[in-house]
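Enquirer: Need coordinates for the below:
(2 chains)
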2 protein chains.
Amino acid sequence: MSFSPLLKQLIDAFRVLPGVGAKSAQRMAFYILERDREGGQRLAHLLTQAVKQVGNCEHCRTLCEKPLCQVCSNKNRDHSLLCVVEGPAHVAAIEQTGYHGLYFVLSGHLSPIDGIGPQEIGIDALAARLTHGQVKEVVLATNATVEGEATAYYIADLVKSLKISVSRIAHGVPMGGDLEYIDGGTIAKALADRTTI
Amino acid sequence: MSFSPLLKQLIDAFRVLPGVGAKSAQRMAFYILERDREGGQRLAHLLTQAVKQVGNCEHCRTLCEKPLCQVCSNKNRDHSLLCVVEGPAHVAAIEQTGYHGLYFVLSGHLSPIDGIGPQEIGIDALAARLTHGQVKEVVLATNATVEGEATAYYIADLVKSLKISVSRIAHGVPMGGDLEYIDGGTIAKALADRTTI
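Expert: Sure, this is the predicted structure:
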């Protein structure tokens, strides 16, 4: 390849982004330099600012640049309801629904095989919050994967031991889903958890 | 959505990149902030540098940060052979092949319907180079699209009028291609341009 050194470095730098391979990185670098230098400059500026300023909310641990995030500092939300999720992106997913409680953001899920235990993902911080807080119900919204389920069961035991009520989000056929294309495990779960109508 | 203002701005900034929609931009921003702040800082730094320093080679108009690119300043290359391409990414594509001549990089292709004529894509600069230069053969490697073909024919006329020999890269079945999945137009071209073996 005959890229100039700086261009080559820029292409390599784009590859840190998730889902960006050699070809996409090249396309991004060329696009910015040929078509949108202003957009590139703006991206560079905001990246620098965000990397420096964005930290974690002291209360729920989601990403934000202030000590408390917008959700935790909102007095109109139900501070007795706490939703536990695996990461900040999941807060955004649940915020689409009109949920009005607060959050607690774990750093992923339990994965003993990789040496990731309760401390690493912040379950001790969650226990501290539950002990000293005003939370009356915990909703476990970890992923519906094996690890997410294991994490949910681990936290459920902890929450029950503190005499706080705990629930798990429902699993089943997604809205708009066609039974023909849904896997057997999901259908089995949907049958087992059927609700009276 | 409950993103903090800075996070929201960063997500929007990622959307200037080609092929990056709302979800990918969100994933990129979270990934950088949760997993690789160092990589993000490096990307920001190189973007700023590249946007400021990378210009066009004075000779072939490809992207580079010096007055002359690596290819044009290499005395071992064949300065009598000139390959015309539609953009800097195409130089990289042809450099994979062991081609040993020089390049001339257009700014895209002719598109009269969008008001893009010979001047806009740099054909006048190409004419100037051919008139005063040492070029003996021009290889037209514009895309095999309608616009690329039109651009190639337009340039071929110009080159012939200057009494320089001109050729077009071959079109046909790609190497490794299965005839069953190749479109009719390509097969027709491959048949018409068949070579004696």
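
Enquirer: Give me the local confidence score for residue A:179.
Expert: With respect to pLDDT, residue A:179 scores 88.

Enquirer: if I look at it, how far off is residue A:173?
Expert: 7 Å (CB to CB, to the nearest Å). C-betas here are computed from N, CA, C, even on glycine.

Enquirer: what sits in contact with each of the two?
Expert: Common neighbours of residue A:179 and residue A:173, using CB atoms under 8 Å, 6 or more residues apart in numbering or on different chains, are residue A:187.

Enquirer: Show me which of those two is the more surrounded one.
Expert: Taking other CB atoms under 10 Å in any protein chain shown, residue A:179 and residue A:173 do not tie; residue A:173 has more neighbours (14 against 9).

Enquirer: And the nearest residue to that one once chain neighbours are set aside, which helix or strand is it part of?
Expert: Nearest residue to residue A:173, sequence neighbours excluded (CB to CB, 6 or more residues apart in numbering or on different chains): residue A:190, at 5.0 Å. Under the criterion of DSSP states H and E, residue A:190 resides in helix A:184-192.

Enquirer: swap in residue A:72?
Expert: With DSSP H and E as the test, residue A:72 turns up in no helix or strand.

Enquirer: what separates it from residue A:195, distance-wise?
Expert: Distance of residue A:72 to residue A:195, given as CB to CB: 33 Å.

Enquirer: These two: which is more packed in?
Expert: residue A:72 (20 against 6).

Enquirer: hang on, the more buried one packs against residue A:60?
Expert: Yes - at 5.3 Å, residue A:72 and residue A:60 qualify as touching, with contact defined as CB atoms under 8 Å.

Enquirer: other SSEs contacting the longest strand along chain A?
Expert: As assigned by DSSP state E, the longest strand anywhere in chain A is strand A:78-85. Strand A:78-85 sits against helix A:88-95, strand A:101-105, helix A:123-132, strand A:137-140, with contacts defined as 3 or more CB pairs under 8 Å, 6 or more residues apart in numbering or on different chains; DSSP states H and E.

Enquirer: Could you identify which of the ones you listed is most buried?
Expert: Mean neighbours per residue, mean count of other CB atoms under 10 Å in any protein chain shown, is largest over those for strand A:101-105, with a mean of 23.

Enquirer: List the strands paired with that strand, with their directions.
Expert: Strand A:101-105 has the following strand partners under DSSP bridges: strand A:78-85 (parallel).

Enquirer: For the nearest residue to residue A:156 once chain neighbours are set aside, give me phi and psi.
Expert: Distance criterion CB to CB, 6+ apart; nearest residue to residue A:156, sequence neighbours excluded, is residue A:166 at 5.1 Å. Main-chain dihedrals, residue A:166, degrees, to the nearest 10: phi -140, psi 140.

Enquirer: ok, how many other residues are close to residue A:166?
Expert: Applying other CB under 10 Å, we find 19 residues neighbouring residue A:166.

Enquirer: same check, this time on residue A:16
Expert: Burial measure for residue A:16: 18 neighbouring residues, criterion other CB under 10 Å.

Enquirer: pLDDT weak spots in chain A?
Expert: Residue ranges of chain A with pLDDT under 70: A:1-2.

Enquirer: swap the cut-off to 90 and go again
Expert: Within chain A, the stretches with pLDDT under 90 are A:1-4, A:92, A:96, A:98, A:132-134, A:177-180, A:185, A:189-190, A:194-197.

Enquirer: Need the residue closest to the centroid of chain A.
Expert: residue A:87 (2.3 Å; CA atoms, centre = their mean).

Enquirer: Thank you kindly, that will do.
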